[in-house]
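> next comes the sequence, and after it the predicted model I'd like to discuss.
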Amino acid sequence: MRDVFPTVWLALSLILVLGQAHAAPPSGLERLVEGVAARVEPVRAGSTLAVCVHGPPRLAEMLAARLVTRLGGRSCPSSNDKFERLVDLTVTMTRDTARVSGEVRAPANALWGVTEPRVLATVFAESAFDDELRAMQVVAPPTVTPPIQPAVRPLPPGLRSRMLSLPDLDVLALALADVNGDGSAELLLLTPTELVVARIEPTRVVELRRLALPPGMSPSLSRVETGTLAVRGNEVFAHASGLRDGLHWRIQASKGEPAELLERWRGFAFPGLEKCEQMQGTDLFQCAGLADKVWTAQLVTLAVGRITVVSGPGMASVTGVGGAPELVAGTQLAAGTLRHGDVVAFSDGKLRGEPDAITVRALTSGLPVVGRVERLFGVRGLGFGVVDGVPVLAAVARDAVTKKSELWLVD
């Protein structure tokens, strides 16, 4: 019997070793899931959970589904869903690595007993590519992908355009306004946390100032972060959807008052439409005086008269011009004046990752096309103004993968 036990022990050891040798290593996606779960579980404490993942569509969808299965809960919530913990993640893909970063948050909602939004944990996980992750890489690595070559296809009387590089800014909206009284418009860029003021020079954009937006997370979560930026005389109204309050900046105060005023401001405002509210859980706005919910809208007075332009799901319209055709447009629009006269500009609204374009139409009967600027990155904002004596249309385009931003000036 004494000789049997060593033999049995040796056999069991061999079985264990062989089993470990043949056990498949975790896949890249499984490593990401487990890395995220290790950060989430300690702060979950039995709470109901919602998971939002942003990034390359196939990978984001698959990662969200695996995390919901692993952690329980539901995928990215609608405005009517109730939850106590939000896992908000962004996944990015480099040449050979997939990375996940984000936060676990307790949203501010009195019904859930959370009076202030709190970040409970930060999340980070990464994995080297394997065949599964590589198959989900919708866009090839930037180093081997030919860059998009923007081009202009003008129609008489034609458009002229030039491109300037921008810092790495996540632009939500833009405006052109003379904020220092020099007679030339400065560039105002709204980001999720700041209002950036810059000067446009012939060959570059020079940052002048950054104004922090009032802190405090918005109790209403939207699936796509957006924002509004409006200039009225010497006042600027800026509000990013991720923050509870916006910023009211009075640039030139009256005599006897401070040189400027910076204060919290409630609400959202488009040019000419200052009483707007964001619809909870969406990137749509309801503005006083407009029947439809919109992505973007403007009410402006030009030489041709009072013009209202709006863009929303399944519709885009121009009011104040006869014979306007049925329009299809993206989330960005602006109306103003170029050397051709009064015009309106719309982004095309392509699917994420596809080249975008801007169509410029004359504000005359039938809205004839003046020209197009094609093969841009995703258009993030449009605005009209006068720069160095020349009326221009400014457009910010941003590559969702490389985060490269460009400023296009069209005249």
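Arrived safely.

> so what sits opposite the nearest residue to residue 378 once chain neighbours are set aside in the bridge?
Nearest residue to residue 378, sequence neighbours excluded (C-beta to C-beta, 6 or more residues apart in numbering): residue 356, at 5.2 Å. In this view, the C-beta of every residue, glycine as well, is placed from N, C-alpha and C. Residues in a beta bridge with residue 356, per DSSP bridges, are residue 376.

> residue 356 and residue 373 touch, don't they?
No. The criterion here is C-beta atoms under 8 Å, and residue 356 misses it with residue 373 at 9.4 Å.

> what ranges do the helices span in this protein?
Counting by DSSP state H, the chain has helices at residues 4-22, 28-44, 57-71, 131-135.

> mind telling me which of these the model trusts least?
In terms of mean pLDDT, the lowest-scoring of the helices of the chain is helix 4-22 (a mean of 51).

> residue 409 and residue 124: what is the separation?
Separation of residue 409 from residue 124 (C-beta to C-beta, to the nearest Å): 38 Å.

> more neighbours: these two, which one.
For residue 409 versus residue 124, neighbours defined as other C-beta atoms under 10 Å are more numerous around residue 409 (19 against 12).

> with adjacent residues omitted, what lies nearest to that one?
Residue nearest to residue 409 in three dimensions, not counting chain neighbours: residue 392, with 4.9 Å by C-beta to C-beta, 6+ apart.

> again, but for residue 365
Excluding the flanking residues, the one nearest residue 365 by C-beta to C-beta, 6+ apart is residue 323, at 4.2 Å.

> measure that neighbour to residue 366 for me?
4 Å.

> what of residue 213?
Relative to residue 366, residue 213 is positioned 41 Å away (C-beta to C-beta).

> show me which of those two is the more surrounded one.
residue 213 (23 against 12).

> give the contact list for that one.
193, 194, 195, 238, 239, 240, 243, 245, 246, 247 (C-beta atoms under 8 Å, 6 or more residues apart in numbering).

> 7 Å - rerun?
Residue 213 is in contact with 193, 194, 195, 238, 240, 243, 246, 247, counting by C-beta atoms under 7 Å, 6 or more residues apart in numbering.

> quick one, phi/psi of the residue nearest to the first one when sequence neighbours are not counted?
With C-beta to C-beta, 6+ apart as the measure, residue 213 is the residue that lies nearest to residue 193, at 5.6 Å, once sequence neighbours are left out. Note on residue 213: its backbone torsions stand at phi -70, psi 150 [degrees, to the nearest 10].

> residue 213 and residue 236, how far apart?
From residue 213 over to residue 236 (counting by C-beta to C-beta), the distance is 12 Å.

> tell me what the closest residue to residue 239 other than its chain neighbours is bridged to.
In space, and not counting its chain neighbours, residue 239 is closest to residue 246: 2.8 Å by C-beta to C-beta, 6+ apart. Beta-bridge pairing of residue 246 under DSSP bridges involves residue 265.

> what does residue 206 give?
residue 199.

> I figured it was touching residue 196, is that so?
No. Using C-beta atoms under 7 Å, residue 206 is not in contact with residue 196, being 11.3 Å away.

> now the strands for the stretch 51-200 of the chain?
Applying DSSP state E, counting those that start in this stretch to the stretch 51-200 of the chain gives strands spanning 74-75, 85-93, 97-106, 118-128, 151-154, 161-165, 173-177, 186-190, 194-200.
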